[in-house]
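K.L.:
pasting the sequence and the predicted model now:
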Amino acid sequence: MSRVLKAIGLMSGTSMDGIDVALIETDGDTVVGRGPATGYAYDPAFRQRLKRGLDEARTIRDRQERPGTLAELERDLTLRHADSVKTFLHENNILAEDVDVIGFHGQTVLHRPAEGLTVQIGEGEMLARETRIDVVYDMRANDMIHGGQGAPLIPAYHAVLARGLSERQGLKAPIAFVNIGGISNLTFIGEGEIVAYDSGPGNTLIDQWVEAHAGIPFDQGGMVASEGSVLPELADRYLSHPFFSAAKRRSLDRNDFVPPAGSEASLEDGARTLAYVTAAAIVRSAAHLPAIPATYIICGGGRLNPVIMRDLAGLAEKAGSRVFAAEALELDGDSMEAEAWAYLAVRSLRGLPLTYPGTTGVSRPVSGGRRAAKPTGTGHAEV
Ligand SMILES: Nc1ncnc2c1ncn2[C@@H]1O[C@H](COP(=O)(O)OP(=O)(O)OP(=O)(O)O)[C@@H](O)[C@H]1O
Ligand SMILES: CC(=O)N[C@H]1[C@@H]2OC[C@@H](O2)[C@@H](O)[C@@H]1O[C@H](C)C(=O)O
């Protein structure tokens, strides 16, 4: 058996709400011990900079390009990740020298799988220098080079978590993990088979809607949605998007779905309808799986919106499925992506596959990621 490594994962997701940090101990294969995890929120001004960065990234044709303010944003984003690691280590009394590797996702600013283009900003070398810990980063690129969608990458981690869950009583197979982040994605764990893909808009539409019409970053606790009603025509318009009926599953860019026009709904009805769309999109996408999951395990920020969760539970029940929030199974729905990035970093170091034909459509199982080594020596400047 390979040595168990201490790995930190860092995730800044499509919601652009902050940096999730988690530490796990793993051999990159079957052994996973989950350690501390936390999240550090971005201040509103930095979120605005990230949103501007997404607009500026639209013109990118070569993934090395950094038009507009993107180079500066990349540097500042990396420094924020370095600060998060330092704070996390301090808060948990962990020494940098005791951590073997950081798995660094960075921030996706553009994702166009049809063009073989995916761009995550984040400077691995700078992060390794700042934290004095080895870094694995840019983990989506190799998958795309080999014909994959470049996402989702979390299924390899879902698979190892599912091994630990399968003996629990009352948890019927097949299991599907659903991450309701900015975009939602699902992972189906069948017998000897994993199938995964993005399942639709997650919280992004709701976030954009309430920000534009109420000046709030998200619908906390589904408070706004719970005052509204589902507008069937508006919901049908989203759910009849070709994404759901296409023969081939594909991964999504944050901008693939756009919020309704302000004139189409009241604040409350808009939030209610988009919450329903989020839930119904998952169930609609699940129809493309090899079998309907008996158990859904929900992670990501959307599980904290009870309106989405009630709709999802109701729709799933009609198909005979049960829905659990990750915490009901002693998992952490906030830190799972960060844990996954730690796990994937160790797999990368060991040359193990990160993605499979069933998870991203890649031509064969492939590893990925670039390595940045921590500085050697005492840390004093060379003269
Ligand atoms: N208490 C809450 N009530 C309702 N919604 C919430 C709550 N907390 C978080 N959310 C929603 O979850 C979102 C953040 O989710 P999460 O952190 O899982 O996304 P992400 O990791 O950025 O996205 P992705 O998985 O697509 O990369 C917020 O933008 C918000 O919409
Ligand atoms: C290109 C990109 O960053 N995609 C994200 C996004 O957020 C959710 C969904 O879309 C998923 O495909 C992916 O993240 C998860 C963590 C993944 O790769 O598994």
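P.N.:
In hand now; what should we look at? Ligands and ions are numbered 1, 2, ... in the order given.
K.L.:
may I see the buried residues of stretch 337-348?
P.N.:
Taking 16 or more other Cβ atoms under 10 Å as the basis for neighbour counts, the residues of stretch 337-348 that come out buried are E337, A338, E339, A340, W341, A342, Y343, L344, A345, V346, R347, S348. Every C-beta, even on glycine, is put in place using the N, C-alpha and C of the backbone.
K.L.:
my read: the third one touches I24, true?
P.N.:
Right, the one you point to is E339. Yes: E339 is within contact range of I24, at 5.3 Å (criterion: Cβ atoms under 8 Å).
K.L.:
need the overlap of contacts for these two.
P.N.:
Among the neighbours of E339, those also in contact with I24 (Cβ atoms under 8 Å, 6 or more residues apart in numbering) are G9, V32, R34.
K.L.:
pairing partners for the last one in the sheet, please.
P.N.:
Okay, so that is R34. Beta-bridge partners of R34, counted by DSSP bridges, are I24.
K.L.:
pick out the residue in the stretch 101-250 of the chain sitting closest to ligand 1.
P.N.:
Taking Cβ to the nearest ligand atom, ligand 1 has its nearest neighbour within the stretch 101-250 of the chain at G181, 2.0 Å off.
K.L.:
got a list of what that residue touches?
P.N.:
Contacts here follow Cβ under 8 Å, 6+ apart; on that basis G181 touches G13, T14, S15, G202, N203, G300, G301, G302, E337.
K.L.:
ok, the closest residue to it other than its chain neighbours - how many residues close by?
P.N.:
Among residues not flanking G181 along the chain, G300 sits closest, at 4.2 Å (Cβ to Cβ, 6 or more residues apart in numbering). Each residue near G300 was counted by other Cβ atoms under 10 Å, and the total is 24.
K.L.:
which parts of stretch 188-206 are buried?
P.N.:
Within stretch 188-206, the residues that qualify as buried by neighbour count (16+ other Cβ under 10 Å) are 188-190, 194-206.
K.L.:
returning to that earlier point: so the residue of the stretch 101-250 of the chain closest to ligand 1 versus R370, what's the distance?
P.N.:
G181 sits 24 Å away from R370, going by Cβ to Cβ, to the nearest Å.
K.L.:
would you mark the buried spots in the helix or strand I308 falls within?
P.N.:
Using DSSP states H and E, the element containing I308 is helix 306-318. Neighbour-count burial for helix 306-318, counted by 16+ other Cβ under 10 Å, picks out V307, I308, M309, R310, D311, L312, A313, L315, A316.
K.L.:
want to throw these into CSV with distance to S2 and pLDDT?
P.N.:
Shown next, in CSV, are these (distance: Cβ to Cβ, whole Å; pLDDT from 0 to 100):
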residue, distance to S2, pLDDT
V307, 44, 98
I308, 39, 98
M309, 38, 98
R310, 44, 98
D311, 43, 98
L312, 38, 98
A313, 40, 98
L315, 42, 98
A316, 38, 97
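K.L.:
for ligand 1, what are the nearby residues on the stretch 201-350 of the chain?
P.N.:
Residues of the stretch 201-350 of the chain lying close to ligand 1 (Cβ under 6 Å from any ligand atom) are 202-203, 206-207, 218-222, 300-302, 304-305, 337.
K.L.:
how close does the residue of the stretch 101-250 of the chain closest to ligand 1 sit to M139?
P.N.:
In this structure, G181 and M139 are separated by 17 Å, where distance is defined by Cβ to Cβ.
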